[in-house]
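> No sequence on hand, only this structure:
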């Protein structure tokens with residue numbers, strides 16, 4: 001259980017340790033969060049909710065835990081939401097109920113930040129993602145297809161891995177990842193070989 005601030009690096013160690021304890025290897029990617037939820041004996045239900053800001057919810061009862069996912073979201077979004085809610089289950093077991101809103105202010109709160117990052121780490125582990133990023137020549141759509149996540153989740157994850165390779169693109173009004181710099185720095189630091197897993 002995490003009930004205080006934790007660094008992104010420490011969170012990654014916790015998530016990768018959890019995945020390793022479940023027998024998850026690189027061969028299991030793209031990761032299926034629905035299988036992980038079923039293995040935890042969590043009740044999962046998709047409910048169509050007209051409000052797209054409501055993404056998901058985890059509820060703990062005396063005898064059961066349930067996860068609700070907004071069924072109106074696309075499948076890649078639902079994959080991330082499912083992993084996000086499962087991350088709450090793993091990291092915040094004392095929380096009785098938590099609602100995940102599509103709200104950037106809420107995402108800055110500690111528990112939501114932890115669940116968002118834990119989900120992105122679990123679905124897109126650093127070593128596998130950086131290797132595939134270089135193999136795909138920086139094609140983010142290729143990476144989204146492989147990991148079965150949306151473009152927003154992929155961009156969020158890549159920004160957290162290599163912040164030093166980001167630059168602001170005034171034409172697209174968004175961040176741009178310098179592909180050559182990303183791959184060179186990644187290989188120079190031996191990131192692909194020094195990580196504990198994958």
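Okay, I see it. None of these values were measured; they are calculated from a predicted model. Numbering: from 1, shown residues only.
> Just give me the residue closest to the centre of this structure.
Geometric centre of the chain, nearest residue: residue 120, 1.5 Å, by C-alpha atoms, centre = their mean.
> Just the element for the residue lying closest to residue 92 once chain neighbours are set aside, please.
Using C-beta to C-beta, 6 or more residues apart in numbering and skipping the chain neighbours, the partner closest in space to residue 92 is residue 111 (5.7 Å). The C-beta positions use only the backbone N, C-alpha and C, and glycine is treated the same way. Using DSSP states H and E, residue 111 falls within helix 110-123.
> What average pLDDT does the helix ranked longest in the chain get?
Ranked by residue count and defined by DSSP state H, the top helix of the chain is helix 75-91. On average, the pLDDT along helix 75-91 is 96.
> Okay, buried residues for that helix please.
The neighbour-count criterion (16 or more other C-beta atoms under 10 Å) identifies 76-91 as the buried residues of helix 75-91.
> one step back: gap between the residue nearest to the centre of the chain and residue 145?
Using C-beta to C-beta, to the nearest Å, we find residue 120 at a distance of 17 Å from residue 145.
> Then residue 27?
Using C-beta to C-beta, one obtains 18 Å as the distance from residue 27 to residue 145.
> Those two: which is more packed in?
residue 145 (13 against 5; other C-beta atoms under 10 Å).
> tell me the secondary structure for the more buried one?
Following DSSP: H, G, I helix; E, B strand; the rest coil, residue 145 is assigned to helix.
> any idea how far residue 156 is from it?
In terms of C-beta to C-beta, residue 145 sits 17 Å off from residue 156.
> got the domain boundaries for this protein?
Domains of the chain are assigned by automatic domain parsing as 8-123, 126-194.
> ranking the ones you listed by mean pLDDT, which is last?
The minimum mean pLDDT among the domains of the chain belongs to domain 126-194 (a mean of 71).
> Correct me if wrong: residue 91 contacts residue 118.
Yes: Residue 91 is in contact with residue 118 according to C-beta atoms under 8 Å; the separation is 6.1 Å.
> Mutual contacts of the two, please.
Contact criterion C-beta atoms under 8 Å, 6 or more residues apart in numbering; residues shared by residue 91 and residue 118: residue 14.
> so where do the helices sit in the chain?
Under DSSP H, the chain gives helices at 8-21, 33-39, 75-91, 110-123, 126-135, 140-147, 151-161, 179-188, 191-194.
> which strands and helices sit next to the third one?
What that stands for is helix 75-91. Of the remaining helices and strands, those touching helix 75-91 by 3 or more C-beta pairs under 8 Å, 6 or more residues apart in numbering; DSSP states H and E are helix 8-21, helix 33-39, strand 54-60, strand 65-70, strand 97-101, helix 110-123.
> count of neighbours near residue 52?
Other residues within reach of residue 52, judged by other C-beta under 10 Å, total 11.
> Next, find the distance separating residue 127 from residue 29.
Per C-beta to C-beta, residue 127 is found 11 Å from residue 29.
> doesn't residue 130 make contact with residue 161?
Yes: counting by C-beta under 8 Å, residue 161 touches residue 130, with 6.5 Å between them.
> now the angle from the helix holding residue 111 to helix 75-91?
Angle of helix 110-123 versus helix 75-91, following axes from the mean of the first three to the mean of the last three C-alpha atoms, to 10 degrees, is 120 degrees.
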